[in-house]
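J.: after the sequence you'll find the predicted model.
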Amino acid sequence: MLNLQDTITSKLEAVDGKSKFKEDLWERPEGGGGRTRVIENGHVFEKGGVNISAVHGKLPESMQQYFGVKDADFYACGLSLVLHPKNPMVPTVHANWRYFEMYDQDGTMVDSWFGGGQDLTPYYLFDEDAIHFHQICKTACDKHQPKFYELYKKKCDEYFWNAHRHEARGVGGLFFDYCKANDDMTMDDWYNFVTEVGNSFLEGYIPIVEKRKDLSYSDEQRKWQEIRRGRYVEFNLVHDKGTLFGLKTNGRIESILMSLPPHVQWIYDYHPQKNSEEEKLIRVLKNPIDWIEF
């Protein structure tokens, strides 16, 4: 996690060319801590964060009920990132790779699993960008299990779904959780898979940024970006398990909410013009696409 955070933040700073990540080291009173890195007001990135944490302690009662356990302790570590570019032609991106352990009262580990994934949230849809992002995801998956891409792409479409809006948050990617040892995969295998996916992130996202970051845009297109950012906020605060877990385990609030964009609009009953580029995006969000076979 430490090395991947360094690699990702260094590359993002080079791409931005203006702003640097501010770093905060923090400790959680109940146990553990993390290293938060946030970039703001850059040439490319209006706001973004690449955070790592490793926390432990007694599992709060609300989470005990969620997992169906009593008097359990936990250990959780992971890297989480969200990047909100300034130019609406550049998509927002999110990624998270994590590991979780649960212990009984005697200190015996009773469960452990990996989880994570990454997803792309464009404001203006360039088909070739979505295809590229998904192809990188598929290539990483295929090195471990041929079935993984199709399975985790489907789970991503299902997870990043704003049910109250009847639309996806973006064009998807991968989402996997509760990845435990089984007949096909040991925990070492899962570690190698998650590492592979994490290491492929820059290859999936940076070429898109480089291609779109200097495109011109209008005030109206910027307005559309801020409206769509509102949908992003809605998902994170209403549905996202990671956000809710952080809030319910006394996580560091600034690190948890760094995923929220700096400028957002909610306009009453807004609908894009028919047959516009904005409506094209909405049509795809309401009916997720198989980008590999597109």
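T.: Happy to help now that I have it.

J.: pLDDT at L281, what is it?
T.: For L281, the model assigns a pLDDT of 98.

J.: and the strand or helix carrying it, how far out from the chain's middle?
T.: Element membership for L281, per DSSP states H and E: helix 277-286. Chain-centre distance of helix 277-286: 21 Å, with C-alpha atoms, centre = their mean, to the nearest Å.

J.: give me the next element, helix or strand, following the lengthiest helix in the chain.
T.: Ranked by residue count, the top helix of the chain under DSSP state H comes out as helix 219-238. Following helix 219-238 in sequence order, the next helix or strand is helix 241-248 (DSSP H and E).

J.: mind listing residues that contact stretch 268-279?
T.: Residues outside stretch 268-279 that contact it (C-beta atoms under 8 Å, 6 or more residues apart in numbering): Y124, L125, W224, I227, I282. Any C-beta I mention is one placed from the backbone N, CA and C, and that applies to glycine too.

J.: thought the second one was touching V171?
T.: Spelled out, that is L125. Yes: counting by C-beta atoms under 8 Å, L125 touches V171, with 7.3 Å between them.

J.: what's the local residue count around G246?
T.: 21 (other C-beta atoms under 10 Å).

J.: dump the residue contacts of it.
T.: R252, S255, I256.

J.: all strands for the stretch 51-200 of the chain, in order.
T.: Secondary structure of the stretch 51-200 of the chain, counting by DSSP state E, counting those that start in this stretch: strands at 73-85, 92-103, 109-121, 161-162, 167-168, 172-179.

J.: picking up where we left off before, between the contacts of G246, which has the most around it?
T.: Neighbour counts for the contacts of G246 peak at I256, which has 23 neighbours (criterion: other C-beta under 10 Å).

J.: what's the closest non-adjacent residue to that residue?
T.: Excluding the flanking residues, the one nearest I256 by C-beta to C-beta, 6 or more residues apart in numbering is G246, at 4.0 Å.

J.: how near is that neighbour to Y178?
T.: In this view, G246 and Y178 are 18 Å apart by C-beta to C-beta, to the nearest Å.

J.: cool, and L215?
T.: Distance from L215 to Y178, by C-beta to C-beta: 40 Å.

J.: compare these two (neighbour count), which wins?
T.: A direct count of neighbours by other C-beta under 10 Å for L215 and Y178 places L215 higher, at 13 against 9.

J.: using the three-state scheme, assign the more buried one.
T.: What DSSP: H, G, I helix; E, B strand; the rest coil gives for L215 is coil.

J.: who are the contact partners of it?
T.: Contacts of L215 (C-beta under 8 Å, 6+ apart): N87, M89.

J.: so how far is the first residue of stretch 18-29 from its last?
T.: Using C-alpha to C-alpha, to the nearest Å, one end of stretch 18-29 lies 35 Å from the other.

J.: give me the contacts around that stretch.
T.: Against stretch 18-29 from outside (C-beta under 8 Å, 6+ apart): 9, 12-13, 33-45, 50, 55, 57, 250-252, 254-255.

J.: for that stretch, buried residues please.
T.: Neighbour-count burial for stretch 18-29 flags S19, F21, R28 (criterion: 16 or more other C-beta atoms under 10 Å).

J.: find the nearest non-adjacent residue to the second one, please.
T.: Excluding its sequence neighbours, the residue lying closest to F21 (C-beta to C-beta, 6+ apart) is R37, at 4.1 Å.

J.: quick one: that neighbour is in a strand?
T.: Yes: the assignment for R37 is a strand, going by three-state DSSP.

J.: still on that earlier bit, next, the angle from the longest helix of the chain to strand 73-85.
T.: With axes from the mean of the first three to the mean of the last three C-alpha atoms, to 10 degrees defining the directions, helix 219-238 sits at 170 degrees from strand 73-85.
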